[in-house]
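>>> Sequence plus predicted model, see below.
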Amino acid sequence: MATPFRLKRSSVAGKRPGALQKGELAINFHDGHLFAERDTGGVGIGTTITLLTPWKESFGGGAIQYTGVVTATRYEGEGGNLTLGTPTSGSYRTGALSLTSSTKVDNSIEHLNYILGKLVPNEPDTIGGVSLTLDGAAGTGRLCAGFTATNNTGGSAPVAGTQYTRNTDSTITTAYITEYGPGDSGTIEGFVNAIGIGSTAFNDTFGQGAIKSDNGTFGALQIANDKDAVDSTRNVGIASFFYEVYDARFINAASPDGFNMAHMSHAGNSTANLFWYEDPSTVGAPVISFSGVTAPSSPTLNYSSGVPHYTQASANNFTYTMTVTNATGDMYSDHVFVTSDGATSGFNDPGDKTYTNFSGANPPVRNFGVGTGVDCVITNTVKDLHLTLTSDHFSRYDVVTPYGAHNDQRVSYSTNINIMGTTATTTQIDEDNILITSLGTGSGNATRVNAGAAGDNPTAVYSTWNASSQVASYEAVTRGGVLRHDQTNYSTGYLPAGPDYSSGRSGAQYFQMQLMRSDVSQFNISVTGSYGGCWVCLPDNSAWTSALSGTNGWASMFAAYRGSGVPTSGEPGCASGGNMSGSSGTFTSVFGTESSSNDSNNRILIRWRLDNGDSITAMSFSAT
């Protein structure tokens, strides 16, 4: 049968029953407490009286009070009415917070957390968005067109013409990304083409909670330099034992042929994606070769001393064919893949060459020029200047692809080329235009005239010079801007082909010119080069020619002026302030008491002698 319940009662304050029978409850009507007997399960006293209502409800309700210690496995609910109470010292000291025994617990904790937040240093930089860089990659390359490259990324396919990092050894290793964090929590993982290739969970390495160092290699992921963030050079000022930082990289991760992608992730942050192309091409380095050079077939010519020269006309272009083998593999370097080293002394720069110049496209197709080379015609245009080109005629070229380079290649050509542009020059020797500066009265520069005869002092003549006619054996030759004692066969070994001056010209050769100026009684002669003699004449001045009748009117710059009157046959010198000796310099010629104005044509003749090996590269005349 069931045990009936019975109630015991008391009205004495603080009274609790000594013992209760099964089914009995005790009520203290003074205190409002209810008691029951609890079986202790054999621990200590066999049974004990338990207060079932250890609290007192405040009059009016809304709150309860408890005397003694309250324990519970868990407290839930709003803590806004919990207060701090009174500390053992009896009161709260002055500090970061103003506290009293009635201060609410939740408000105090919130305020304290706010203050502590100002004291905690910022976390070190995370790997979010950090760039990865391949270490030991084979440079970069652009993807060729005309084939479908393998795409291992699971994302967008690689695009022809776009530049990618190039790798060739089927593994990748990246440079370390350094001093990122936090290196004491979370898991870092590496991925290649979305496939995990290594991971590790970070632990505390420093401080009271230290477990172990996180340095090590985990698959193809390597962690190094795990250290307290106080030693960070990236985020300085972090106090010790708050955070840790680490370095990370991929090491010898497998890299399949084709387009690939890699990244690292840690604690919800990921590096930027690293893309590269694993290039399986076996093509060799590019090679440049050349055809023979084609000279102009119908050239436009200028002449000097009977020697033909090319002008800068387009009819004078020289051409040859450049051939490049192994121009691409899967990749190429740039649309401009053959570059010129620039102009030469005689020809303008033909310019860099692109794949389109080789009848290709931009971007070029895969394996362009492999097996059979591709061709480009190189056109070389003559410069507008005066010279003889004897070596290094045409530009050198460099070719570069991802598979190698072939540099400093120049077509072989040994034929000398004479050039004389249409623009007159005064910095070299131009038979029709030898510089006169601020001298006397008149205009125009000095020009060459016929020397008339062999010998130092022949009868003075000044007949018009014909630059296109073959010169006499006693005439010096101006070729390529240089006046020279010449014994050259221009019919072979030179372009344009010219006269044969190789025989009967071993003796002295002369170069004679005229200056047409009035009011000149003295002038300077500037010369660069070597020569065997120099004479001056006023051919239409009778006083001058009479005094120098023994030299046919020629006064010598290799001898000093006599000091008075005019030079004479016995004293034919006309140099003042220093005699010429066959070397470079500026020398003064004087006419004594005469002037070019006393010459009926205001004509001054100057006659140079060149011996074997002599040459003059510059000459001019000016006022003293």
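Yes, it's here.
>>> from here on, contacts and neighbour counts on C-alpha atoms
Noted.
>>> residue contacts, the nearest residue to residue 598 once chain neighbours are set aside?
In space, and not counting its chain neighbours, residue 598 is closest to residue 541: 5.8 Å by Cα to Cα, 6 or more residues apart in numbering. By Cα atoms under 8 Å, 6 or more residues apart in numbering, the residues touching residue 541 are 596, 598, 599, 600.
>>> before we move on, what about residue 184?
For residue 184, the contact set (Cα under 8 Å, 6+ apart) comprises 202, 203, 204, 205, 243, 244, 245.
>>> what's around the first one, how many residues?
What that stands for is residue 202. Residues near residue 202, counting by other Cα atoms under 10 Å, number 23.
>>> quick one: pLDDT of it?
Turning to residue 202, the model gives it a pLDDT of 96.
>>> Quick one: residues contacting it.
183, 184, 185, 186, 187, 188, 214 are the contacts of residue 202 under Cα under 8 Å, 6+ apart.
>>> how about the contacts of residue 541 in JSON lines, adding pLDDT, neighbour count and distance to residue 339?
Shown next, in JSON lines, are the contacts of residue 541 (pLDDT from 0 to 100; neighbours: other Cα atoms under 10 Å; distance: Cα to Cα, whole Å):
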{"residue": "596", "pLDDT": "97", "neighbour count": "26", "distance to residue 339": "58"}
{"residue": "598", "pLDDT": "95", "neighbour count": "19", "distance to residue 339": "63"}
{"residue": "599", "pLDDT": "94", "neighbour count": "20", "distance to residue 339": "61"}
{"residue": "600", "pLDDT": "94", "neighbour count": "13", "distance to residue 339": "61"}
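>>> just for the stretch 151-300 of the chain, where's the confidence low?
Residues of the stretch 151-300 of the chain meeting the criterion pLDDT under 70: none.
>>> Now do the strands in it.
163-167, 171-172, 177-180, 187-192, 195-201, 216-218, 221-228, 244-250, 253-254, 258-266, 269-270, 274-278, 287-290 (DSSP state E, counting those that start in this stretch).
>>> of all the ones you listed, which lies closest to residue 401?
Nearest to residue 401 among the strands of the stretch 151-300 of the chain is strand 287-290 (10.3 Å), distances taken as Cα to Cα.
>>> buried ones in the closest one?
Residues 287, 288, 290 are the ones in strand 287-290 that count as buried (16 or more other Cα atoms under 10 Å).
>>> what do you get for stretch 501-516?
Result for stretch 501-516 [16+ other Cα under 10 Å]: buried residues 501, 505, 508, 509, 510, 511, 512, 513, 514, 515, 516.
>>> Hmm, the first one is touching residue 490, no?
Yes: under the criterion of Cα atoms under 8 Å, residue 501 lies in contact with residue 490, with a separation of 7.1 Å.
>>> Now do the contacts for residue 390.
Counted by Cα under 8 Å, 6+ apart, residue 390 has contacts 414, 415, 416, 417.
>>> Mind checking which of the residues you listed land in helices?
Among these, none falls in helices (DSSP state H).
>>> Name the member of those with the most neighbours.
Top of the contacts of residue 390 by neighbour number is residue 417, holding 21 neighbours under the definition other Cα under 10 Å.
>>> residues contacting that residue?
309, 310, 388, 389, 390, 494, 495, 496.
>>> What distance do you get for it to residue 426?
21 Å (Cα to Cα, to the nearest Å).
>>> Let's see if you can find the most crowded of the contacts of residue 202.
residue 183 (28 neighbours).
>>> For it, give me its contacts.
202, 203, 204, 226, 243, 244, 245, 246.
>>> hang on, the earlier thing: nearest to residue 583, of the contacts of residue 184?
Nearest to residue 583, judged by Cα to Cα, of these is residue 245 at 77.6 Å.
>>> Could you report the neighbour count for the closest one?
Other residues within reach of residue 245, judged by other Cα under 10 Å, total 26.
>>> just residue 351 next, same as before
Residue 351 has 17 neighbours, counted by other Cα under 10 Å.
>>> returning to that earlier point: among the buried residues of stretch 501-516, which are located in strands?
Judged by DSSP state E, the subset of the buried residues of stretch 501-516 located in strands is 509, 510, 511, 512, 513, 514, 515, 516.
>>> The last one is in contact with residue 599, isn't it?
By that I understand residue 516. No: using Cα under 8 Å, residue 516 is not in contact with residue 599, being 10.1 Å away.
>>> Good, we can wrap up now.
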